[in-house]
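*Asks:* just the structure for this:
(one chain, ligands or ions: 1)
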Amino acid sequence: MIKEKIIAAYEEMAEGFNSMIDHKPHNAYYDRPNTLSLIGEVEGKSILDAACGPGKYAEILMAKGAAVTGFDISPRMVQLAKERNKNKGTFFVHDLGEPLIKLESQTYDIVLCALAMHYLEDWTLAIKEFHRVLKPNGHLVISVEHPFFEYTYFKSTKYFEIEPVKCNWSGFGKPIEVNSYRRPLHECIVPLTNNGFYIDQLMEPKPVPEFEKLDPKHFKELNEFPAFMCIKAIKRSE
Ligand SMILES: C[S@@+](CC[C@H](N)C(=O)[O-])C[C@H]1O[C@@H](n2cnc3c(N)ncnc32)[C@H](O)[C@@H]1O
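*Replies:* Here you go, the predicted structure:
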(Lines give C-alpha, C1' and ligand atoms only; values in the text may rest on other atoms or scores of the structure.)
Protein backbone atom coordinates (compact mmCIF):
# COMPACT_ATOMS: atom_id res chain seq x y z
CA MET A 1 0.00 0.00 0.00
CA ILE A 2 1.12 3.56 -0.72
CA LYS A 3 0.73 4.68 2.90
CA GLU A 4 3.10 1.96 4.15
CA LYS A 5 5.63 2.98 1.50
CA ILE A 6 5.37 6.64 2.59
CA ILE A 7 5.93 5.69 6.25
CA ALA A 8 8.89 3.45 5.34
CA ALA A 9 10.46 6.23 3.25
CA TYR A 10 10.20 8.81 6.06
CA GLU A 11 11.40 6.36 8.70
CA GLU A 12 14.46 5.74 6.56
CA MET A 13 15.23 9.38 5.77
CA ALA A 14 14.25 10.81 9.18
CA GLU A 15 17.83 11.25 10.47
CA GLY A 16 19.06 12.82 7.23
CA PHE A 17 15.96 15.01 7.02
CA ASN A 18 16.46 16.21 10.60
CA SER A 19 20.14 16.96 10.12
CA MET A 20 19.51 19.03 6.98
CA ILE A 21 16.15 20.70 7.70
CA ASP A 22 17.65 23.85 9.27
CA HIS A 23 19.28 24.94 6.01
CA LYS A 24 17.94 22.75 3.19
CA PRO A 25 17.07 25.39 0.58
CA HIS A 26 13.57 24.21 -0.42
CA ASN A 27 12.52 24.01 3.25
CA ALA A 28 14.51 26.76 4.97
CA TYR A 29 14.54 29.38 2.21
CA TYR A 30 11.43 28.60 0.17
CA ASP A 31 8.66 26.84 2.10
CA ARG A 32 9.22 28.07 5.66
CA PRO A 33 9.62 31.84 5.17
CA ASN A 34 6.55 31.98 2.93
CA THR A 35 4.36 29.67 5.01
CA LEU A 36 5.39 31.47 8.23
CA SER A 37 4.48 34.81 6.62
CA LEU A 38 0.91 33.51 6.22
CA ILE A 39 0.83 32.34 9.85
CA GLY A 40 1.74 35.82 11.14
CA GLU A 41 2.06 36.68 14.84
CA VAL A 42 1.94 33.62 17.12
CA GLU A 43 2.78 34.87 20.61
CA GLY A 44 0.30 33.33 23.06
CA LYS A 45 -1.36 31.27 20.31
CA SER A 46 -2.02 27.53 20.45
CA ILE A 47 -0.92 25.78 17.27
CA LEU A 48 -1.42 22.27 15.92
CA ASP A 49 1.49 21.27 13.64
CA ALA A 50 0.03 18.45 11.54
CA ALA A 51 2.69 16.17 9.97
CA CYS A 52 5.33 18.00 12.01
CA GLY A 53 8.32 15.98 10.75
CA PRO A 54 11.34 16.53 13.03
CA GLY A 55 9.72 19.55 14.68
CA LYS A 56 11.52 22.44 12.99
CA TYR A 57 8.37 24.51 12.57
CA ALA A 58 7.45 23.74 16.18
CA GLU A 59 10.90 24.94 17.31
CA ILE A 60 10.48 28.26 15.47
CA LEU A 61 6.88 28.79 16.60
CA MET A 62 7.61 27.99 20.26
CA ALA A 63 10.61 30.36 20.19
CA LYS A 64 8.12 33.05 19.16
CA GLY A 65 5.87 32.31 22.15
CA ALA A 66 3.33 29.81 20.77
CA ALA A 67 2.24 26.57 22.46
CA VAL A 68 2.61 23.75 19.93
CA THR A 69 1.15 20.27 19.63
CA GLY A 70 2.60 18.23 16.77
CA PHE A 71 1.95 14.87 15.23
CA ASP A 72 3.41 12.79 12.42
CA ILE A 73 2.83 9.34 10.98
CA SER A 74 6.54 8.47 11.29
CA PRO A 75 7.50 7.38 14.83
CA ARG A 76 11.13 8.30 14.15
CA MET A 77 10.12 11.82 13.09
CA VAL A 78 8.07 12.20 16.29
CA GLN A 79 11.05 11.06 18.37
CA LEU A 80 13.29 13.59 16.60
CA ALA A 81 10.71 16.35 17.14
CA LYS A 82 10.73 15.55 20.88
CA GLU A 83 14.55 15.56 20.99
CA ARG A 84 14.83 18.82 19.03
CA ASN A 85 12.32 20.55 21.28
CA LYS A 86 13.51 18.95 24.52
CA ASN A 87 10.67 19.13 27.06
CA LYS A 88 8.74 21.80 25.15
CA GLY A 89 5.60 21.05 23.14
CA THR A 90 3.62 17.84 22.83
CA PHE A 91 4.29 15.36 20.02
CA PHE A 92 2.57 12.09 19.14
CA VAL A 93 2.29 9.57 16.32
CA HIS A 94 -0.86 9.97 14.24
CA ASP A 95 -2.06 9.52 10.66
CA LEU A 96 -3.53 12.66 9.03
CA GLY A 97 -6.05 10.41 7.34
CA GLU A 98 -7.60 9.30 10.68
CA PRO A 99 -9.81 11.21 13.17
CA LEU A 100 -7.88 13.23 15.77
CA ILE A 101 -9.64 11.50 18.66
CA LYS A 102 -7.02 12.70 21.19
CA LEU A 103 -7.81 16.35 20.52
CA GLU A 104 -10.77 18.33 21.86
CA SER A 105 -12.90 20.47 19.56
CA GLN A 106 -12.20 24.23 19.33
CA THR A 107 -8.75 24.04 20.97
CA TYR A 108 -6.34 25.66 18.51
CA ASP A 109 -5.92 29.19 17.13
CA ILE A 110 -3.93 27.90 14.16
CA VAL A 111 -3.49 24.58 12.37
CA LEU A 112 -0.36 24.28 10.22
CA CYS A 113 0.20 21.48 7.73
CA ALA A 114 3.43 22.04 5.79
CA LEU A 115 4.33 19.90 2.78
CA ALA A 116 2.26 16.88 3.75
CA MET A 117 -1.29 17.05 2.35
CA HIS A 118 -0.03 15.51 -0.91
CA TYR A 119 0.44 12.23 0.99
CA LEU A 120 -3.34 11.91 1.29
CA GLU A 121 -5.49 10.71 -1.58
CA ASP A 122 -8.64 12.18 -0.01
CA TRP A 123 -8.31 15.42 1.98
CA THR A 124 -11.88 15.52 3.31
CA LEU A 125 -11.47 13.87 6.70
CA ALA A 126 -8.27 15.77 7.55
CA ILE A 127 -9.84 19.12 6.63
CA LYS A 128 -12.97 18.31 8.67
CA GLU A 129 -10.78 17.45 11.65
CA PHE A 130 -8.72 20.64 11.27
CA HIS A 131 -12.03 22.54 11.22
CA ARG A 132 -13.28 20.75 14.34
CA VAL A 133 -10.16 21.39 16.45
CA LEU A 134 -9.86 25.06 15.43
CA LYS A 135 -11.44 27.77 17.55
CA PRO A 136 -14.06 29.95 15.83
CA ASN A 137 -12.32 32.11 13.18
CA GLY A 138 -9.14 30.00 13.62
CA HIS A 139 -6.67 29.82 10.74
CA LEU A 140 -5.52 26.84 8.72
CA VAL A 141 -2.22 27.32 6.87
CA ILE A 142 -1.06 24.65 4.45
CA SER A 143 1.78 24.36 1.95
CA VAL A 144 1.64 21.78 -0.80
CA GLU A 145 3.40 20.93 -4.01
CA HIS A 146 2.02 23.26 -6.67
CA PRO A 147 -0.53 21.45 -8.87
CA PHE A 148 0.90 22.94 -12.09
CA PHE A 149 4.45 22.02 -11.11
CA GLU A 150 3.41 18.44 -10.33
CA TYR A 151 1.45 18.14 -13.57
CA THR A 152 4.57 18.92 -15.60
CA TYR A 153 7.12 17.27 -13.28
CA PHE A 154 5.27 13.93 -13.32
CA LYS A 155 4.44 14.29 -17.03
CA SER A 156 0.78 13.69 -16.29
CA THR A 157 -1.74 13.47 -19.10
CA LYS A 158 -4.77 13.40 -16.74
CA TYR A 159 -4.89 16.86 -15.18
CA PHE A 160 -8.34 16.44 -13.64
CA GLU A 161 -7.54 13.19 -11.82
CA ILE A 162 -5.96 12.55 -8.43
CA GLU A 163 -3.11 10.22 -9.35
CA PRO A 164 -0.58 8.25 -7.31
CA VAL A 165 2.92 9.36 -8.33
CA LYS A 166 6.43 8.63 -7.18
CA CYS A 167 9.90 10.09 -7.53
CA ASN A 168 13.38 9.55 -6.18
CA TRP A 169 14.69 12.01 -3.60
CA SER A 170 18.42 12.28 -3.13
CA GLY A 171 18.48 15.50 -1.06
CA PHE A 172 18.29 13.82 2.36
CA GLY A 173 21.01 11.17 2.12
CA LYS A 174 20.88 8.08 -0.07
CA PRO A 175 18.27 8.16 -2.88
CA ILE A 176 14.86 7.02 -1.75
CA GLU A 177 11.56 6.50 -3.55
CA VAL A 178 8.82 8.79 -2.28
CA ASN A 179 5.16 8.13 -3.14
CA SER A 180 2.46 10.80 -3.06
CA TYR A 181 -0.70 11.96 -4.86
CA ARG A 182 -0.80 14.72 -7.45
CA ARG A 183 -4.08 16.57 -7.85
CA PRO A 184 -5.61 19.40 -9.87
CA LEU A 185 -5.91 22.90 -8.40
CA HIS A 186 -9.61 22.61 -7.59
CA GLU A 187 -8.88 19.51 -5.46
CA CYS A 188 -6.72 21.76 -3.26
CA ILE A 189 -9.44 24.38 -2.86
CA VAL A 190 -12.83 22.63 -2.88
CA PRO A 191 -12.08 20.36 0.14
CA LEU A 192 -11.52 23.59 2.12
CA THR A 193 -14.47 25.62 0.86
CA ASN A 194 -16.84 22.62 1.11
CA ASN A 195 -15.85 21.91 4.71
CA GLY A 196 -16.28 25.18 6.57
CA PHE A 197 -13.35 27.34 5.43
CA TYR A 198 -12.96 30.34 3.20
CA ILE A 199 -9.72 31.08 1.39
CA ASP A 200 -8.07 34.17 2.84
CA GLN A 201 -4.78 34.05 0.88
CA LEU A 202 -3.28 31.88 -1.82
CA MET A 203 0.45 32.37 -2.34
CA GLU A 204 2.69 31.16 -5.15
CA PRO A 205 5.91 31.65 -3.22
CA LYS A 206 9.33 32.75 -4.37
CA PRO A 207 12.59 31.73 -2.71
CA VAL A 208 14.28 34.20 -0.36
CA PRO A 209 17.79 35.51 -1.22
CA GLU A 210 19.66 33.00 1.02
CA PHE A 211 18.48 30.26 -1.35
CA GLU A 212 20.59 31.62 -4.22
CA LYS A 213 23.93 31.14 -2.43
CA LEU A 214 23.22 27.46 -1.72
CA ASP A 215 21.46 26.44 -4.94
CA PRO A 216 21.58 29.05 -7.74
CA LYS A 217 20.06 26.67 -10.35
CA HIS A 218 16.86 26.04 -8.40
CA PHE A 219 16.76 29.67 -7.24
CA LYS A 220 16.50 30.71 -10.90
CA GLU A 221 13.92 28.02 -11.68
CA LEU A 222 11.75 28.88 -8.67
CA ASN A 223 11.75 32.53 -9.70
CA GLU A 224 10.39 31.45 -13.07
CA PHE A 225 7.85 28.79 -12.00
CA PRO A 226 6.53 27.79 -8.56
CA ALA A 227 7.07 24.34 -7.05
CA PHE A 228 4.96 24.94 -3.93
CA MET A 229 1.72 26.72 -3.11
CA CYS A 230 0.72 28.13 0.30
CA ILE A 231 -2.89 28.67 1.40
CA LYS A 232 -4.33 30.46 4.41
CA ALA A 233 -7.94 29.45 5.06
CA ILE A 234 -10.16 30.77 7.84
CA LYS A 235 -12.80 28.80 9.73
CA ARG A 236 -16.13 30.33 8.76
CA SER A 237 -18.50 31.27 11.54
CA GLU A 238 -21.54 28.95 11.59
C1 LIG B 1 8.15 16.88 3.71
S2 LIG B 1 7.94 16.36 5.36
C3 LIG B 1 7.41 17.90 6.12
C4 LIG B 1 7.66 17.93 7.60
C5 LIG B 1 7.32 19.26 8.28
N6 LIG B 1 5.91 19.60 8.11
C7 LIG B 1 8.19 20.36 7.74
O8 LIG B 1 7.75 21.08 6.83
O9 LIG B 1 9.33 20.48 8.22
C10 LIG B 1 6.42 15.45 5.29
C11 LIG B 1 6.04 14.83 6.61
O12 LIG B 1 4.71 14.28 6.47
C13 LIG B 1 4.65 13.09 7.21
N14 LIG B 1 3.50 12.32 6.73
C15 LIG B 1 3.33 11.70 5.55
N16 LIG B 1 2.13 11.13 5.48
C17 LIG B 1 1.50 11.39 6.67
C18 LIG B 1 0.22 11.07 7.22
N19 LIG B 1 -0.68 10.33 6.52
N20 LIG B 1 -0.07 11.49 8.46
C21 LIG B 1 0.82 12.22 9.17
N22 LIG B 1 2.05 12.56 8.71
C23 LIG B 1 2.38 12.16 7.47
C24 LIG B 1 6.00 12.44 6.96
O25 LIG B 1 6.30 11.45 7.91
C26 LIG B 1 6.93 13.66 7.03
O27 LIG B 1 7.40 13.86 8.34
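*Asks:* residue ranges in this structure under the pLDDT threshold?
*Replies:* For the chain, the stretches flagged by pLDDT under 70 are 238.
*Asks:* 80 - rerun?
*Replies:* Scanning the chain for pLDDT under 80 picks out 171-173, 238.
*Asks:* what segments of it are strands?
*Replies:* Here the chain has its strands, by DSSP state E, at 46-50, 67-72, 90-93, 108-114, 134-145, 163-169, 176-182, 197-203, 228-235.
*Asks:* of the ones you listed, which is nearest the ligand?
*Replies:* Nearest to the ligand among the strands of the chain is strand 108-114 (3.6 Å), distances taken as CB to the nearest ligand atom. (C-beta placed from N, C-alpha, C; glycine too.)
*Asks:* quick revisit: can you list the strands of the chain in a markdown table and add distance to the ligand and mean neighbour count?
*Replies:* Listed next are the strands of the chain as a markdown table, based on distance: least, CB to the nearest ligand atom, whole Å; neighbours: other CB atoms under 10 Å:
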| stretch | distance to the ligand | mean neighbour count |
| --- | --- | --- |
| strand 46-50 | 7 | 24 |
| strand 67-72 | 5 | 24 |
| strand 90-93 | 9 | 17 |
| strand 108-114 | 4 | 24 |
| strand 134-145 | 7 | 20 |
| strand 163-169 | 9 | 14 |
| strand 176-182 | 9 | 18 |
| strand 197-203 | 15 | 15 |
| strand 228-235 | 10 | 22 |
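*Asks:* measure the residue nearest to residue 107 when sequence neighbours are not counted to the ligand for me?
*Replies:* Residue nearest to residue 107 in three dimensions, not counting chain neighbours: residue 133, with 5.4 Å by CB to CB, 6 or more residues apart in numbering. Applying CB to the nearest ligand atom, to the nearest Å, the value for residue 133 to the ligand is 15 Å.
*Asks:* and residue 192, what is it in contact with?
*Replies:* Residues near residue 192 by CB atoms under 8 Å, 6 or more residues apart in numbering: 127, 140, 198-199, 231, 233.
*Asks:* now this structure against the ligand: closest residue?
*Replies:* Going by CB to the nearest ligand atom, the ligand is nearest to residue 53 of the chain, at 2.6 Å.
*Asks:* the residue nearest to residue 107: neighbour count?
*Replies:* Neighbourhood size, residue 133 [other CB atoms under 10 Å]: 22.
*Asks:* pretty sure it sits against residue 103.
*Replies:* Yes. With contact defined as CB atoms under 8 Å, residue 133 counts as touching residue 103 (5.0 Å).
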